[in-house]
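K.L.:
structure of the sequence below:
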Amino acid sequence: MKSSAQVERSFGARSSAIMVSVTKVEQIARGGRQPRSDSETNRERLLAAAAFAVRREGAAVPMATIAELAGVGVGTLYRHFASREVLLAALTHQSFGLVLAAAQRAASTDKSAIECIRLFLDETIKHGSELVLPMHGGPVPVERATLELRTKVHDTLGEILRRGHQDRSIRPLITPLDLIVFGAMMAQPLPTATNWRRTAQRQSDIFLKGISATLT
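P.N.:
Residues are numbered from 1 along each chain as shown. Model (predicted):
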């Protein structure tokens, strides 16, 4: 069991990288504008802290713990997120935004379909600690904006797969859901793995060989 000081050091080491990704999602929603106010900064810190805490302790993590990790008071947390349900929904929305950004970056390259999927999975593994998806204990999305993000993820991955189906490099039965499920699984480290990044990338290589139309 990690001490409070160890947890704070662990979160602090990841905070900068997490905050960059959270800020990118917020910029997408604002059309690229940089966050300006202390209120926006606090909201982003709370989301980053909540993602870390939920992945570590589960969805029932005390709200006070999240506020402490974010360096704000509990009152500030509740001013931004009126309830645990609202906070978890925001985390799910943020997570789909990060997954969409990874899918769009992969789709925008001129690489083969298989290599695009590799890029998508690599990004998912890299940012796994920031993701709180339904498979990770997050709520099933019900808000329209989050559902739209989820649809865009499916559509973007579908475009990559169509390229692979057309050039016959990817098995025709492979669907966007297959990629999403596998990516979500690889984003959830096994507690006994000493080097999850390396383990996940090896599993990703095996998965990519399995979905290839021509096995090598």
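
K.L.:
please make it C-alpha for all contacts and neighbour counts, starting now.
P.N.:
OK.

K.L.:
pLDDT at the residue nearest the centre of the chain, what is it?
P.N.:
Central residue of the chain (CA atoms, centre = their mean): residue 131, 3.1 Å from the mean position. pLDDT, residue 131: 86.

K.L.:
likewise for the one 3 residues further on?
P.N.:
Predicted confidence (pLDDT) for residue 134: 82.

K.L.:
next: the one 3 residues further on.
P.N.:
Residue 137 is assigned a predicted lDDT (pLDDT) of 70.

K.L.:
can you verify my assumption that it contacts residue 58?
P.N.:
Yes - under the criterion of CA atoms under 8 Å, residue 137 makes contact with residue 58 at 7.0 Å.

K.L.:
could you list the low-pLDDT ranges of this structure?
P.N.:
For the chain, the stretches flagged by pLDDT under 70 are 1-37, 215-216.

K.L.:
ok, which stretches of it are strands?
P.N.:
Remark: no strands are assigned in the chain by DSSP state E.

K.L.:
if we can go back for a sec, contacting residues around the nearest residue to the residue nearest to the centre of the chain once chain neighbours are set aside?
P.N.:
Nearest non-adjacent residue to residue 131, counting by CA to CA, 6 or more residues apart in numbering: residue 95, 4.9 Å away. Taking CA atoms under 8 Å, 6 or more residues apart in numbering, we find residue 95 in contact with 130, 131, 132, 133.
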